[in-house]
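K.L.:
Build me a model from this:
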Amino acid sequence: MSPEIHIPVRIEGETATIFAGDYINKLSGERIERECQRQINAGCKTLIVNFSETELVNSIGVSILLGVIDVAANAGAKIVFSDINENTIELFDTLGLTNHVEVLPN
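P.N.:
Residues are numbered from 1 along each chain as shown. Presented below is the predicted three-dimensional model:
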């Protein structure tokens, strides 16, 4: 089994910025989900998922992101999506994800 790939995170006070990577599928989505849960457990009140390097999000990745949104809401944490490219924002709009998160411009 290969070692777990580290998800880059920047923490400032009660805000954690999680850098999503270039392709969000089952494996990378689960890593993002674990990191978000870890940051919520550590007391973060705001999670920013940064999509600056994300080129593609598949259907399983979207499903996992919905789970992240749900976990954050249940924990009373705010979730923010930032630096989303045009194609991905269209996908998120179409699927309704942007109705449940704050979206920061690039």
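K.L.:
quick one, strands of the protein?
P.N.:
Remark: strands assigned in the chain by DSSP state E are 9-12, 15-19, 23-24, 46-50, 56-57, 78-82, 102-104.
K.L.:
next one: the fifth one to chain centre, how far?
P.N.:
To tie it back to what came earlier, the one meant is strand 56-57. In terms of C-alpha atoms, centre = their mean, to the nearest Å, the centre of strand 56-57 is found 12 Å from the chain centre.
K.L.:
With the fourth one instead?
P.N.:
Here the centre of mass of C-alpha atoms in strand 46-50, compared against the chain's by C-alpha atoms, centre = their mean, lies 6 Å away.
K.L.:
Can you tell me, leaving aside adjacent residues, what's nearest to Q37?
P.N.:
Leaving out its chain neighbours, the residue that sits closest to Q37 by C-beta to C-beta, 6 or more residues apart in numbering is V71, at 6.2 Å. Where you see a C-beta, it was placed from the backbone N, CA and C, and this is true even at glycine.
K.L.:
so what's the one you found up against?
P.N.:
By C-beta atoms under 8 Å, 6 or more residues apart in numbering, V71 lies in contact with 33, 36-37, 40.
K.L.:
And it, how close does it get to T46?
P.N.:
Distance of V71 to T46, computed by C-beta to C-beta, to the nearest Å: 14 Å.
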